[in-house]
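*Asks:* sequence-free structure coming up:
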């Protein structure tokens with residue numbers, strides 16, 4: 001088993017290097033720069049200089065290290081195909097960036113948009129195709145009873161039975177479910193193949209070939225028994241997996257295991273965790289907000305003059321809002337109401353047209369003439385680009401709410417909307433804004449949190465522009 005796995009990963013590494021070479025060759029030829037080979041024959045017959053050799057070695061090393069970092073040389077038997085494709089695209093994107101940046105030092109004429117794009121597309125598609133082809137071959141082999149991993153389940157409760165059903169259905173994973181180990185008194189299933197009780201678990205390992213053990217017993221009740229199973233598996237070098245829902249009865253939380261200086265931490269989360277996506281998202285926020293603020297500076301000056309001419313008070317309105325994990329910050333807006341408008345809100349509470357804790361009035365008497373236009377066009381929101389630049393907000397995310405609205409939240413689950421950085425625009429913004437009832441608003445926020453991606457962010461940003469021009473749901 002170990003030898004076959006070593007050969008498989010060696011094939012992966014070899015195919016990745018071969019794909020990198022082929023992608024580089026095709027990208028160079030198609031880019032067609034003067035002084036560079038114009039055909040594959042010329043490229044293959046080109047003299048390998050010390051400079052070329054250094055570039056090749058660094059390119060291979062970089063590619064290999066990045067693929068290793070993204071876990072592409074680890075067993076993916078239980079992994080999702082979609083997740084593997086995502087990891088490949090992440091790795092090829094980062095690898096393309098570093099390799100093309102390094103190549104530009106030696107061959108400045110090669111480095112341009114066409115070459116970079118071709119290298120990224122070719123390497124990504126080819127690697128995904130190679131990995132999926134390898135998966136199909138493994139499925140065919142496993143369906144014939146080869147390349148199997150033999151599994152024992154500790155426990156026979158309903159949770160474990162559900163997991164067993166999933167394993168049996170997924171024949172492509174190549175698992176042979178030997179049976180269950182549990183106390184007979186705990187076994188309430190007629191179909192359960194009980195191998196032994198917990199006390200005689202070690203005897204089961206003597207009688208059967210076992211590659212993996214999955215524990216599905218409640219830790220609080222069976223702590224001693226589980227600890228004993230772990231010690232036996234540790235001594236014999238057998239892989240142990242836990243059903244994470246045996247710790248707590250959680251419905252939404254996902255899990256992952258992190259290592260901190262030799263200590264393993266089981267992390268449960270319902271909101272997206274920090275990672276490369278959020279680092280890229282933050283970089284995009286900074287670049288976009290910085291250059292947009294510079295471009296909008298003339299508009300800011302004109303709007304500021306109009307506000308001062310229309311009514312007494314400052315140009316900008318600062319209001320305390322609730323942001324990421326309920327952190328407080330001051331949001332920037334162009335002032336659209338009369339001076340001291342917040343003090344008069346209590347007198348207008350009975351006119352509130354929004355359901356839930358949010359306060360909105362379509363024809364708010366506190367709004368100035370210029371303010372009505374700024375709200376209709378959403379120009380009043382543009383200073384929030386300063387909040388994006390500072391890091392209080394992101395371009396896309398649930399809208400930040402005033403402290404008054406937050407304190408009126410009745411249900412704790414609604415507060416999950418604060419588990420990510422608030423945004424300038426969101427799904428609510430492009431689906432009717434104030435025409436959307438509060439319950440639907442929260443539902444849209446949860447939908448964004450559960451399905452976040454860079455492509456979804458771009459989609460929301462592009463749809464925000466026509467929504468603003470139509471004045472959809474503006475108050």
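*Replies:* Nice, thanks for sending it over. For clarity, every value in this text was computed on a predicted model and none was experimentally measured. Numbering: from 1, shown residues only.
*Asks:* Could you list the low-confidence segments of the stretch 51-200 of the chain?
*Replies:* Across the stretch 51-200 of the chain, residues meeting the criterion (pLDDT under 70) sit at 51-52, 75-79, 106-111, 145, 184-192.
*Asks:* what ranges do the strands span in it?
*Replies:* Secondary structure of the stretch 51-200 of the chain (DSSP state E, counting those that start in this stretch): strands located at 149-154, 175-181, 194-196.
*Asks:* Including distance to residue 227, could the ones you listed go into TSV?
*Replies:* Every residue, glycine included, has its C-beta placed from N, CA and C. Below are those laid out as TSV (distance: least, C-beta to C-beta, whole Å):
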stretch	distance to residue 227
strand 149-154	12
strand 175-181	15
strand 194-196	18
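*Asks:* Deepest-packed of these, please.
*Replies:* strand 149-154 (a mean of 21; mean count of other C-beta atoms under 10 Å).
*Asks:* and it, what other elements does it pack with?
*Replies:* Helices and strands touching strand 149-154, by 3 or more C-beta pairs under 8 Å, 6 or more residues apart in numbering; DSSP states H and E, are helix 158-169, strand 175-181, strand 212-215.
*Asks:* need those in TSV with distance to residue 405, can you?
*Replies:* Shown next, in TSV, are these (distance: least, C-beta to C-beta, whole Å):
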stretch	distance to residue 405
helix 158-169	40
strand 175-181	50
strand 212-215	45
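*Asks:* and residue 463, which of those is closest to it?
*Replies:* helix 158-169 (37.3 Å; C-beta to C-beta).
*Asks:* Mind listing what's buried along that closest one?
*Replies:* For helix 158-169, the neighbour count (16 or more other C-beta atoms under 10 Å) marks 159, 160, 161, 163, 164, 167 as buried.
*Asks:* Which one of the helices and strands packed on strand 149-154 lies nearest to residue 284?
*Replies:* Comparing the helices and strands packed on strand 149-154 by C-beta to C-beta, helix 158-169 comes nearest, at 37.9 Å.
*Asks:* who touches residue 71 in this structure?
*Replies:* For residue 71, the contact set (C-beta atoms under 8 Å, 6 or more residues apart in numbering) comprises residue 87.
*Asks:* Look up phi and psi at it.
*Replies:* Dihedral angles of residue 71 (phi, psi; degrees, to the nearest 10) stand at phi 70, psi 30.
*Asks:* what's the answer for residue 395, then?
*Replies:* Dihedral angles (degrees, to the nearest 10) for residue 395: phi -70, psi -40.
*Asks:* now stretch 294-311: mean pLDDT?
*Replies:* Average pLDDT, stretch 294-311: 92.
*Asks:* hey, where'd the helices end up in the stretch 301-450 of the chain?
*Replies:* Under the criterion DSSP state H, counting those that start in this stretch, the stretch 301-450 of the chain contains helices at 369-377, 385-390, 403-407, 438-450.
*Asks:* Please name whichever of the ones you listed is nearest to residue 26.
*Replies:* Judging the helices of the stretch 301-450 of the chain by C-beta to C-beta, what sits closest to residue 26 is helix 438-450, at 38.5 Å.
*Asks:* helices and strands around the helix or strand just after that closest one, which ones?
*Replies:* Using DSSP states H and E, the helix or strand that follows helix 438-450 in sequence is helix 454-470. Secondary-structure packing of helix 454-470 (3+ C-beta pairs under 8 Å, 6+ apart): helix 276-310, strand 394-396, strand 423-425.
*Asks:* So which elements touch the second one?
*Replies:* The one in question is strand 394-396. Counting by 3+ C-beta pairs under 8 Å, 6+ apart, strand 394-396 packs on helix 276-310, strand 423-425, helix 454-470.
*Asks:* Likewise for the first one?
*Replies:* Contacts of helix 276-310 with other secondary structure elements, assessed using 3+ C-beta pairs under 8 Å, 6+ apart, are made with strand 328-334, helix 369-377, helix 385-390, strand 394-396, helix 454-470.
*Asks:* next one: it to chain centre, how far?
*Replies:* 26 Å (C-alpha atoms, centre = their mean, to the nearest Å).
*Asks:* Only the buried residues of it, if you could.
*Replies:* 281, 284, 285, 288, 289, 293, 300, 303, 306, 307, 310.
*Asks:* now swap in stretch 72-92 and tell me
*Replies:* 72, 73, 76, 77, 84, 87, 88, 89, 90, 91, 92.
*Asks:* Nearest to residue 208 among those?
*Replies:* Nearest to residue 208 among those, with distances taken as C-beta to C-beta, is residue 77, at 19.3 Å.
*Asks:* For burial, what's the neighbour tally of residue 326?
*Replies:* 11 (other C-beta atoms under 10 Å).
*Asks:* got the contact list for it?
*Replies:* Counting by C-beta under 8 Å, 6+ apart, residue 326 has contacts 406, 415, 418.
*Asks:* Including neighbour count, could those residues go into CSV?
*Replies:* Output for those, formatted as CSV (neighbours: other C-beta atoms under 10 Å):
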residue, neighbour count
406, 19
415, 14
418, 21
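*Asks:* Walk me through the domains of the protein.
*Replies:* 2-143, 149-269, 276-470 (automatic domain parsing).
*Asks:* Look at the closest residue to residue 171 other than its chain neighbours and say how many residues are nearby.
*Replies:* Leaving out its chain neighbours, the residue that sits closest to residue 171 by C-beta to C-beta, 6 or more residues apart in numbering is residue 143, at 6.2 Å. Residues near residue 143, counting by other C-beta under 10 Å, number 12.
*Asks:* Could you do residue 155 as well?
*Replies:* Neighbourhood size, residue 155 [other C-beta under 10 Å]: 27.
*Asks:* Verify the stated contact: it with residue 221.
*Replies:* No. Judged on C-beta atoms under 8 Å, residue 155 makes no contact with residue 221 at a distance of 10.6 Å.
*Asks:* re the thing from before, generate CSV for the helices and strands packed on strand 394-396, with distance to residue 381 as supplementary columns.
*Replies:* Output for those, formatted as CSV (distance: least, C-beta to C-beta, whole Å):
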stretch, distance to residue 381
helix 276-310, 12
strand 423-425, 7
helix 454-470, 9
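*Asks:* which stretch among the ones you listed comes nearest residue 207?
*Replies:* So among those, helix 276-310 is nearest, using C-beta to C-beta, at 46.2 Å.
*Asks:* Which of the helices of the stretch 301-450 of the chain sits closest to residue 228?
*Replies:* helix 438-450 (38.9 Å).
*Asks:* buried residues in the closest one?
*Replies:* 438, 441, 442, 444, 445, 446, 448, 449.
*Asks:* quick one: the third one and residue 428, what's the gap?
*Replies:* So the one you mean is residue 442. 9 Å (C-beta to C-beta, to the nearest Å).
*Asks:* next one: the first one
*Replies:* Using C-beta to C-beta, one gets 10 Å for the distance from residue 438 to residue 428.
*Asks:* re earlier: export the helices of the stretch 301-450 of the chain to a markdown table and append columns for mean pLDDT and distance to residue 180.
*Replies:* Shown next, in a markdown table, are those (pLDDT from 0 to 100; distance: least, C-beta to C-beta, whole Å):
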| stretch | mean pLDDT | distance to residue 180 |
| --- | --- | --- |
| helix 369-377 | 87 | 64 |
| helix 385-390 | 94 | 54 |
| helix 403-407 | 84 | 49 |
| helix 438-450 | 85 | 34 |
